[in-house]
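**Student:** what follows is a protein structure lacking sequence information:
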């Protein structure tokens, strides 16, 4: 349906110098009693907060979307945020779940996280490409889309920033940024043990322990083990596919080096095994029927000759050092990350040897960021900083057909430098003006080798660099104490890269975003209504197209596109124990200029994977069970318009609209020690496509219009979750 609108790097020198200079400032014994008093006060406040958490859907949380803590209602940008408690209540455990409750975001999990925000995203892959919308975990940029899709656990909050993040964030992003902030260590001993049992023999065990280690240090460790049997079953062998097998952990150590200096050390590890997401054929053409192909009789039947596999291993270390003075705050963020991705796919999705793919990718990245900001703004709030990234990537892809093997290996070194600054000036008590500017320079040194049936076919070592100045202008004005309007113009930039297979370069993307909106809390704090309108002028889009003859994807620049839309987020307190929420988004995203040669132009076509209309409606009712605890009933309904997955807008690559219904009932004891939840996801058992691409004929070609390869969302599932807090 279509609508019209018109190597390990050391911590930074600053980190070491500040740590060494702080020895004389460790907390004195006289301060301990005062700290204990403060701890008791915090504990009492935390207890009150836990009781209040029964109503967390309506809470206004604090966010750091602009590098300073502020209420989401006073932050003049398009941002959606959920606290960790709300994530638990709704049942959000990964990014797939999250997309149905926030406006403007679509996430395609083709065993890697393809994040599309307001029509801005890319399916380009390879170590010389970058995501258009970025993911951060505890302020650390995640460079590979292959590692961005991870289970979310022990999360403090989740923030989705829509629109280009061209000034403050570590790596430029034209689409937006998804920030995942984990829970910090606590002074008092606390912890959680959780067990989930569900459909397909799902078993998830989590454990968290947090508390003070010494008078000036705190630690937190959390572990997760998740497994599930496969959803798809091989009709010929009985093997199961699309299972889950995850082990993950995170450790955090916070040390007060002095009353002004804190260092936070983090380490994380994640290993996802199993077969990954499975693609099925959209149909069986006559050549397969004549050959006697095993044709599925059930939605989750399949027959494969090449066992699929997806193995992802990611780990990282980071250090965040913060010195807070009377006038200035200095922050140093250092990180080192490694990842390995190994994927095998039966791309023809049959028991015949037609087309199989192996994809490997490894990455080592180091980032360093410095921030300087004023501590006590008096009419002028400013922050400035420097950012550096170096990523060494390697990998390749094997395209295997009957009698033909194309093997492509690649390696790339990316270096990115940036200097940025932003200031907000209080023109008067109600009006504020913001100006920000960033300079970015990025270079890539690429190398590739292509072999065909073991013989050298092509090789090359191209390199290139890109740079950009990306400003931001904004005004926000308080119409009343609880009503703010804002307007902004923001520029975003994404560097170019190189096409896997032949080393062809493609140009950088550029996007200007014009936005206005209102954030309001009305009806005596019983209604929160936020509405935003946006217009994008998008140039040189990096678009992936597929060569029907070679089967290799190519990344090209699409010329120009216009994206415009409106988003609304509403939360209402109907009564003291009944909340409802509505999220609705309308987006019109079209190519203005995208020549294809020989008089063909995709101008007027919709951008891939961008639904025109989406909405979600949720309701939560809380009541008490005498002498036991709180009972919370929650239901969520989400609807999405159909989309095209290809720029050519061919009907065979179009998905249908679909809706999802999730239900949940939870019992929480009054002392917040125990929680038992019954949940059901996709209760209507909707069968919906999350990605559609070209399939293969029996001879290996891709010309028959009846052949597609489809990836589908998860079927109906249900289970029980038990959690004990101490």
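**Tutor:** Done, it's in. Since the structure is predicted, the reported quantities are computational estimates derived from the model, not experimental observations.
**Student:** residue 580 against residue 618, yeah?
**Tutor:** Yes - assessed by C-beta atoms under 8 Å, residue 580 is found in contact with residue 618 at 6.8 Å. Every residue, glycine included, has its C-beta placed from N, CA and C.
**Student:** where's residue 125 relative to residue 341, distance?
**Tutor:** 10 Å (C-beta to C-beta, to the nearest Å).
**Student:** again but with residue 286, I slipped
**Tutor:** According to C-beta to C-beta, residue 286 stands 37 Å off from residue 341.
**Student:** looking at those two, which is more packed in?
**Tutor:** Shown here are residue 286 and residue 341; by other C-beta atoms under 10 Å, residue 341 has more neighbours (23 against 11).
**Student:** state the pLDDT value of the closest residue to residue 326 other than its chain neighbours.
**Tutor:** Among residues not flanking residue 326 along the chain, residue 375 sits closest, at 6.6 Å (C-beta to C-beta, 6 or more residues apart in numbering). pLDDT recorded at residue 375 is 91.
**Student:** which ones are touching residue 375?
**Tutor:** 324-329 (C-beta atoms under 8 Å, 6 or more residues apart in numbering).
**Student:** now render those residues as CSV, adding pLDDT.
**Tutor:** Below are the contacts of residue 375 laid out as CSV (pLDDT from 0 to 100):
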residue, pLDDT
324, 96
325, 94
326, 93
327, 93
328, 94
329, 96
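**Student:** out of those, the closest to residue 401 would be?
**Tutor:** Checking the contacts of residue 375 against residue 401 by C-beta to C-beta gives residue 329 as the nearest, at 58.3 Å.
**Student:** that's a strand at that closest one, yeah?
**Tutor:** Yes - applying DSSP: H, G, I helix; E, B strand; the rest coil, one finds residue 329 inside a strand.
**Student:** which parts of stretch 349-365 are buried?
**Tutor:** Judged by neighbour count (16 or more other C-beta atoms under 10 Å), stretch 349-365 contains these buried residues: 349-352, 354-365.
**Student:** ok, back up a step: would you reformat the contacts of residue 375 as JSON lines and include neighbour count and distance to residue 666?
**Tutor:** Listed next are those as JSON lines, based on neighbours: other C-beta atoms under 10 Å; distance: C-beta to C-beta, whole Å:
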{"residue": "324", "neighbour count": "14", "distance to residue 666": "39"}
{"residue": "325", "neighbour count": "12", "distance to residue 666": "45"}
{"residue": "326", "neighbour count": "7", "distance to residue 666": "46"}
{"residue": "327", "neighbour count": "7", "distance to residue 666": "47"}
{"residue": "328", "neighbour count": "12", "distance to residue 666": "45"}
{"residue": "329", "neighbour count": "17", "distance to residue 666": "40"}
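**Student:** dump these to JSON lines, plus distance to residue 249.
**Tutor:** Below are the contacts of residue 375 laid out as JSON lines (distance: C-beta to C-beta, whole Å):
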{"residue": "324", "distance to residue 249": "30"}
{"residue": "325", "distance to residue 249": "35"}
{"residue": "326", "distance to residue 249": "38"}
{"residue": "327", "distance to residue 249": "39"}
{"residue": "328", "distance to residue 249": "36"}
{"residue": "329", "distance to residue 249": "31"}
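**Student:** just the closest of those residues to residue 254, please.
**Tutor:** The nearest one, if we look at the contacts of residue 375 relative to residue 254 and count by C-beta to C-beta, is residue 324, at 13.9 Å.
**Student:** phi and psi next, for the closest one.
**Tutor:** Residue 324 adopts backbone torsions of phi -110, psi 110, taken as degrees, to the nearest 10.
**Student:** what do you get for residue 523?
**Tutor:** phi 50, psi 50.
**Student:** swap in residue 287?
**Tutor:** Backbone torsions of residue 287, given as degrees, to the nearest 10, read phi -60, psi -40.
**Student:** just give the nearest non-adjacent residue to it, would you?
**Tutor:** Spatial nearest neighbour of residue 287, excluding adjacent residues (C-beta to C-beta, 6+ apart): residue 698 at 4.1 Å.
**Student:** check residue 162 too.
**Tutor:** Computed as C-beta to C-beta, 6+ apart, the closest residue to residue 162 that is not its neighbour in sequence is residue 78, at 4.2 Å.
**Student:** residue contacts, the one you found?
**Tutor:** Contacts of residue 78 by C-beta under 8 Å, 6+ apart are 104, 161-163, 515, 517, 532, 534, 567.
**Student:** mind doing that once more with 10 Å?
**Tutor:** Contacts for residue 78 (C-beta atoms under 10 Å, 6 or more residues apart in numbering) come out as 65, 103-104, 117-118, 160-163, 176, 486, 488, 513, 515, 517, 519, 530, 532-534, 567, 569.
**Student:** what about it, distance to residue 635?
**Tutor:** Shown here: residue 78 relative to residue 635, a distance of 26 Å by C-beta to C-beta.
**Student:** over to residue 94?
**Tutor:** 20 Å.
**Student:** mind listing residues that contact stretch 448-465?
**Tutor:** By C-beta under 10 Å, 6+ apart, the surrounding residues in contact with stretch 448-465 are 126-128, 396, 398-399, 403-413, 415, 441-447, 495-508, 552.
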